[in-house]
Every structure is written in structure tokens, then in C-alpha cells.
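Colleague: how would this look folded up:
(3 chains)
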Amino acid sequence: MSTRLYLLQRMSAMVLAPLVLIHLAVILLAVQDGLSAAEILGRTRGSLLWGGFYGLFVVAASVHGPIGLRTVIREMTPWRGRALDLTMALFGLLLLGLGLRAVAALVLP
Amino acid sequence: MLTTESPAKDADTLQVAIWRGGTEGRFQTYRVPASANQTVLDVVTWVQRYLEPALAYRFACRVGMCGSCAMTVNGRPRWTCRTHVAKVARAGRIEIAPLAKLPIVKDLVVDMTIFFEKWQRARGAFVPTATRHQPTAKVAPHSPGRRAVDAGIECINCAVCYAACDVVTWRPDYLGPAALNRAWTLLNDERDGDPDGIIAAVSDDAGCHNCHSHQSCTEHCPKQLNPTAAIAGLKRASLMALLKGGRP
Amino acid sequence: MKGAHRHHPAYWAFVLHRLSGVGLALFLPLHFLTLGLALEGHASLDQALAWFDAPLVKAAELGLVVLLRPTCWAACASWPSSSCPGVTGSGR
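Modeller: Below you'll find the predicted structure:
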């Protein structure tokens, strides 16, 4: 399992690296004149591009975050084993669910 | 000429704190005469000869070849025979403790058993494919595989890298840089008969994927080896094995 | 844990990546929930955005954002490759 998790972590990192940089640029531009719902939604509503971009972002983060958190917990606390693995998997599903819901909220007309 | 007293002159005296006891113990301070070109091993030896006959410590060659004298000096794992006092003393003080991450037997002596067990667990023993009745293997010295082996083969199991590794602290079952470095040299040795076995041994929960590439091992290796690079190679090999079909 | 042997770049890259990674992992669910408020219409989201205007929150967000770029760099810096930065092997 270690190698599989390692592969997933590396692959999701490769996806995240460019997406994170683009996201940073986007929000820095977006907050320049203050932030409002209307402004955000004006750009994202009905946009296939933003939907695709942030959908991919959410999927990659939902893989990378829980695997990383699992490692941190195993190294820094006594918690390990099946219970931890399951909890992290559930956390991943939580991120995926909330994330895709947020993407839908911003993109669906 | 034996004496139980150290000279009184402060300017020429070192304050040396040495760990006494086992896991439960304390630092005891000794005053040791300073001299030019003095190594930390010289200091420990002087203390044992003239001040504390019961002090336990290990050394052998005292010339930087065997690795037996590895200890923690001012928080860093080092060979004490190759550490000049002038380089590490802070305002005339040094602190000497046993090597970290290994059970303390007594004072500066540690139990290396687990270190060598992990060597075995990482499949650090050569698996032969030929017998004495066959001609000597012809290995091209400049082949990429052989160069990878040569880069790591000089390890003398001193455990300095092991003591420097944070992941060993956080994951007590982690195989560690030395064992993984050895596994990498065998993986690249074309004469070794079981490369799949090596990949399996280094890819489990305690294996190479735990390394975070801090490179503390590489920073501290007294032979200038690069276990981080070796572990990176094992990670690649392990991924390739997975992608090619199944194991690990 | 003694720190005397940890003051080299690769270690700090790791620390940065770990701190910001954990920070992000904890922040993301909140971030997603906030954005999901758009489902309820502009007003709800605007209300939440106003809350996030509080100085302490802004500072924390800025911290995360500022850390995000070196996180990427740090993570890439520890990418296993055929030659690692730093001391090379004794290679003959």
C-alpha cells in the first residue's frame, strides 16, 4: 500500500502544482477591487472552464490532503492503523463532497 | 604517568559534559586540559584514564576508518576521532552524549542491534548467483549501475546517518538511511540474484517512502555518501515495479 | 528533539511544506462551505465574505496564501530525482 499511496501523492502533487499557482494569480487579481458575491459569480456562473478547472483542483486536493495528513498524524501522534486510514479516507470524501458542491454553487446557472 | 587531578589553569581547561548512566542518567561535567590538535575522542580518553575509570565508551582505529567512535557532540552525531575540539567547543565547553535513536547500554555506549536488524530487513545481504566454480563476474566499472553502487558502497555502518534522521525518531520501525543505502547498492549490483526481493523489502510500511528528503543523513555522513539519493532511487524503482505490474 | 543538526535548507523546505499543508487541510472544508453559500444566493455569500474581512481572519488567510507558493517550491525541491541537491556521493 505504501507505494500506491506514494504514487497517488506524487500524481496529485503534479496536478496541484500548476493549479495552485493559477489559483493564486486568480484570487490576487480578483481581490484587487474588493470581494463580493456578485463579482465572483459574475465570472464563474455557467463557465465550463472554471467548472473544469476547480473540479480538477478539488479532486486533486481531496487525494493529496488526506494522504499527507495521514503521514503527519502517524509521525507526530501515536494514532495509526485501520482506524486512521478509514478516518482519512472519510476526510477525503468530505473534501470531495464539499468541494464539488462549492464548484457547483459557483458554476451552475 | 597517571594522575587523578586535572591542571588548574582555566584558560587551558575545557568544561566537558559527558552523559553518565543509561536511559535514565545525567550529564556530569569534567575539567580537561586543553591542548592543540585535540580531538573529542582524545578528551573522552583523557577523562576515562585520569578522572573516571568507570566511563564506558567505544573506539577502535581512532583514525577515521572504522566508525566505532560515533557519538553526539553538541547535539550533532559525529565521529569523535575526526572532530577537533577547536571546531566544536563553545566558550571552552563541549557536551558529549551517546548516539541518538539507539538504546543506551551505559554512558557513551549504545546497543546497535536494531540498526543491524534493519539492515537485514531491508535485504541488505547479497544474494549470490554464481559459485566459486564459475569465472569471476565481469562488471564494467563505468556502467551506470556500477557507478551507483560505488557511490554508496563505502558505508561502514557507523550509524551517524541513522542518528541524524528525523524520520527514525518519528517512525521507530523506519528502516533508516544506512540500511536503505545498502539495499540500493545491491539493487544496482548486476550480480545480485533477487532484485524483486529488495524492492519488496524496501517498499513496505517501514520502507523508503517514509523519507522526506531532509538530507540530514547526507549532511552528516562522515564518508560523504548520499543516502537521500539512494532512497530516491529506491522510490523510483518501487514505483516502476508497481506500474509495470503488481508488486509491490 | 535537539535542533543542532537541522539547520539546512532541505529541512526547512520540509517544515514549510508540512506546516502549510496541515494549515490548508484544516482550512479547506471551511473554504468549501463558505463558497457553497452561493447556493443560497448572493446575500449569504456576501455576509460570509464580510465576516472574512475581519483583520485576524485576513491575516491568517494572507499567511496561508504567502505560504502556498513556497509550499509548492518546497515540495518540488524535495522531489526525488536522479541527483539530489547538496553533497554528492563519493563516486569514483
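
Colleague: all contacts plus neighbour counts: C-alpha atoms, from now on.
Modeller: Fine.

Colleague: secondary structure class for the closest residue to A:I73 other than its chain neighbours?
Modeller: Counting by CA to CA, 6 or more residues apart in numbering or on different chains, A:W79 is the residue found nearest to A:I73 once chain neighbours are left out, at 6.7 Å. Applying DSSP: H, G, I helix; E, B strand; the rest coil to A:W79 yields a three-state assignment of coil.

Colleague: Show the pLDDT at A:W79.
Modeller: pLDDT, A:W79: 95.

Colleague: got the residues of chain B near chain A?
Modeller: Taking CA under 8 Å from any CA of the partner chain as the test, the list of chain B residues beside chain A reads B:V167, B:W170, B:R171, B:S203, B:D204, B:D205, B:H209, B:S238, B:L239, B:L242, B:P248.

Colleague: Just the buried residues from the residues you listed, in PyMOL please.
Modeller: To isolate the buried subset of the residues of chain B next to chain A in PyMOL, counting by 16 or more other CA atoms under 10 Å in any protein chain shown, use the following:
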select buried, chain B and resi 167+171+203+204+209+238+239+242+248
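
Colleague: Restricted to helices, list the residues of chain B next to chain A.
Modeller: Counting by DSSP state H, the part of the residues of chain B next to chain A found in helices is B:V167, B:W170, B:S238, B:L239, B:L242.

Colleague: can I assume B:N181 is in contact with B:I231?
Modeller: Yes. In terms of CA atoms under 8 Å, B:N181 counts as a neighbour of B:I231; the distance is 6.5 Å.

Colleague: For the residues of chain B next to chain A, which two are the farthest from each other?
Modeller: Put simply, by CA to CA the two of the residues of chain B next to chain A set farthest apart are B:W170 and B:L242, 26.5 Å from each other.

Colleague: quick revisit: right, and out of the residues of chain B next to chain A, which lies closest to B:F126?
Modeller: The shortest gap between B:F126 and any of the residues of chain B next to chain A belongs to B:S203, at 18.0 Å (CA to CA).

Colleague: how about that closest one, what does it touch?
Modeller: Contacts here follow CA atoms under 8 Å, 6 or more residues apart in numbering or on different chains; on that basis B:S203 touches A:S2, A:T3, B:H209, B:K235, B:S238, B:P248.

Colleague: Could I have the CA atoms of stretch B:173-191 written out in PDB?
Modeller: Coordinates of each C-alpha in stretch B:173-191 appear next as PDB, following Å, rounded to 0.1, in the frame of the first residue of the first chain:
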ATOM      1  CA  ASP B 173      10.200   0.900  12.600                       C
ATOM      2  CA  TYR B 174      11.600   3.000   9.700                       C
ATOM      3  CA  LEU B 175      14.500   1.100   8.100                       C
ATOM      4  CA  GLY B 176      16.700   4.200   8.100                       C
ATOM      5  CA  PRO B 177      19.200   5.700   5.700                       C
ATOM      6  CA  ALA B 178      22.100   3.300   6.100                       C
ATOM      7  CA  ALA B 179      20.000   0.100   5.500                       C
ATOM      8  CA  LEU B 180      18.200   1.700   2.500                       C
ATOM      9  CA  ASN B 181      21.500   2.900   1.100                       C
ATOM     10  CA  ARG B 182      22.900  -0.600   1.300                       C
ATOM     11  CA  ALA B 183      19.700  -2.000  -0.400                       C
ATOM     12  CA  TRP B 184      20.200   0.500  -3.200                       C
ATOM     13  CA  THR B 185      23.800  -0.700  -3.800                       C
ATOM     14  CA  LEU B 186      22.600  -4.300  -4.000                       C
ATOM     15  CA  LEU B 187      19.700  -3.400  -6.300                       C
ATOM     16  CA  ASN B 188      22.300  -1.900  -8.700                       C
ATOM     17  CA  ASP B 189      24.600  -4.800  -8.400                       C
ATOM     18  CA  GLU B 190      24.100  -6.900 -11.500                       C
ATOM     19  CA  ARG B 191      25.400 -10.000  -9.700                       C
END
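
Colleague: need the strands for chain B, in chain order.
Modeller: Using DSSP state E, the strands of chain B run over B:13-21, B:25-33, B:70-73, B:76-79, B:93-97, B:104-106, B:109-110.

Colleague: so which of those strands comes closest to A:A17?
Modeller: Nearest to A:A17, of the strands of chain B and by CA to CA, is strand B:76-79 at 35.0 Å.

Colleague: From the chain's centroid, how far away is that closest one?
Modeller: If you compare the mean C-alpha spot of strand B:76-79 with that of the full chain, they lie 9 Å apart, counting by CA atoms, centre = their mean, to the nearest Å.
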